[in-house]
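Undergrad: predicted model and sequence follow; I will ask about them next.
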Amino acid sequence: MAHGYTYQSTLAQTEVMHWRVEDIIGGTKRLDFSKPFMPEALAQVQSLSFLDDDEKRLLNQIRGNTYLCIFGLVEEFILPFVLDQTRPQLHGDDYQVRALLQFASEEAKHSQRVKTFRAEFAKGFGAECPIIGPPEAIAEAILAHDPLGVAITTLHIEWMVQNHYLDSIKDDQDLDPQFKSLLKHHWIEEVQHAKLDTLMVESMAANRTEEEILKGVEEYLEIGGFIDGGLTQQVEFDMASLMDATGRYFDEAQKEEFRHVQRQANRWTYLGSGMTHPKVLETLESLSPKAKQRVAEVSIAFC
């Protein structure tokens, strides 16, 4: 595959773009709860007919909290996975080892950023907003799959972040600048992570038969199904958080409208936007045209 990514060039870029958690959240860097956090393309709150403007803003902020916390969850499996891929290379290519260790370090930093954000959000929002978990159990369930399936899932997540930031977040001037800064700094490092994921997927698939590659793809889709189940539960959590924050109780028709709109919004945000990303599909096609076709067929349900 002629993408031109190398461990050496990717490492060089990560060293230039380094940032610290303390520089982007905490202290005087406060969230502005008078503004939305998420672009409408991802939050999908405006079509909910039974909410007024203030309630839609609150739901948007709940979705922003969920968005960052979901990344906190996935980092729980990405970090040990990357470390597992690094250990066998310790006596090999120095640039590869350093790039993968830097990748792992940045994922640990992203996890710290999420924890700091959650504390800031809880102080400013004023209501408890639960997130699916526990993180360790989710990580264990995902890491139990074929390593190629896990690697494709990681690739999906990294390119998904690119899609979200460039297509929906970067030019949205209505968002809280502080929350937008958190997403920008996440995006900056995930650009390089996506390249490293591409190299990892290609390396894992290099000595596999097509049948073995397609098995890995099926396990990637199984992981997607597992995540989809968690997102269904998260919709219930987000609805409960909104009722708590507004002091309202929604009737059954309102609850069903909420579930329908928000479940599809979550499915697109975390599944469809990654499964249809051109770079994900390019990598899958380089492994096997059947792999690309299989994922393209399944992705329709999440778009």
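TA: Yep, that arrived.
Undergrad: for the helix or strand hosting Gln162, which helices and strands make contact with it?
TA: For Gln162, the element it lies in under DSSP states H and E is helix 147-164. Contact analysis of helix 147-164 by 3 or more C-beta pairs under 8 Å, 6 or more residues apart in numbering; DSSP states H and E lists helix 53-86, helix 135-143, helix 177-205, helix 210-246, helix 273-275, helix 278-287 as its packing neighbours. No exception for glycine: its C-beta is placed from N, CA and C like everyone else's.
Undergrad: show me what the second one is packed against.
TA: Right, helix 135-143. Applying 3+ C-beta pairs under 8 Å, 6+ apart, we find helix 135-143 packed against helix 53-86, helix 147-164, helix 210-246.
Undergrad: pick the most buried one from those.
TA: helix 147-164 (a mean of 24; mean count of other C-beta atoms under 10 Å).
Undergrad: now do it: distance to the chain's middle.
TA: On the basis of C-alpha atoms, centre = their mean, to the nearest Å, helix 147-164 sits 8 Å off its chain's mean C-alpha point.
Undergrad: please export the C-alpha coordinates of that helix as CSV.
TA: Presented in CSV, the C-alpha positions along helix 147-164 are these (Å, rounded to 0.1, in the frame of the first residue of the first chain):
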residue,chain,number,x,y,z
PRO,A,147,-5.3,-9.2,17.6
LEU,A,148,-5.9,-8.3,14.0
GLY,A,149,-9.5,-7.5,14.8
VAL,A,150,-8.4,-5.3,17.7
ALA,A,151,-5.8,-3.6,15.5
ILE,A,152,-8.5,-2.8,12.9
THR,A,153,-10.8,-1.5,15.7
THR,A,154,-8.0,0.8,16.8
LEU,A,155,-7.4,2.0,13.2
HIS,A,156,-11.1,2.7,12.9
ILE,A,157,-11.1,4.8,16.1
GLU,A,158,-8.0,6.9,15.1
TRP,A,159,-9.3,7.7,11.6
MET,A,160,-12.8,8.3,13.1
VAL,A,161,-11.3,11.1,15.2
GLN,A,162,-9.9,12.7,12.0
ASN,A,163,-13.4,12.6,10.4
HIS,A,164,-15.1,14.2,13.4
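Undergrad: what's the angle from that helix to helix 53-86?
TA: Here helix 147-164 runs at an angle of 140 degrees relative to helix 53-86 (axes from the mean of the first three to the mean of the last three C-alpha atoms, to 10 degrees).
Undergrad: pLDDT averaged over helix 147-164 - what is it?
TA: For helix 147-164, mean pLDDT is 94.
Undergrad: again, but for stretch 49-69
TA: The average pLDDT for stretch 49-69 rounds to 96.
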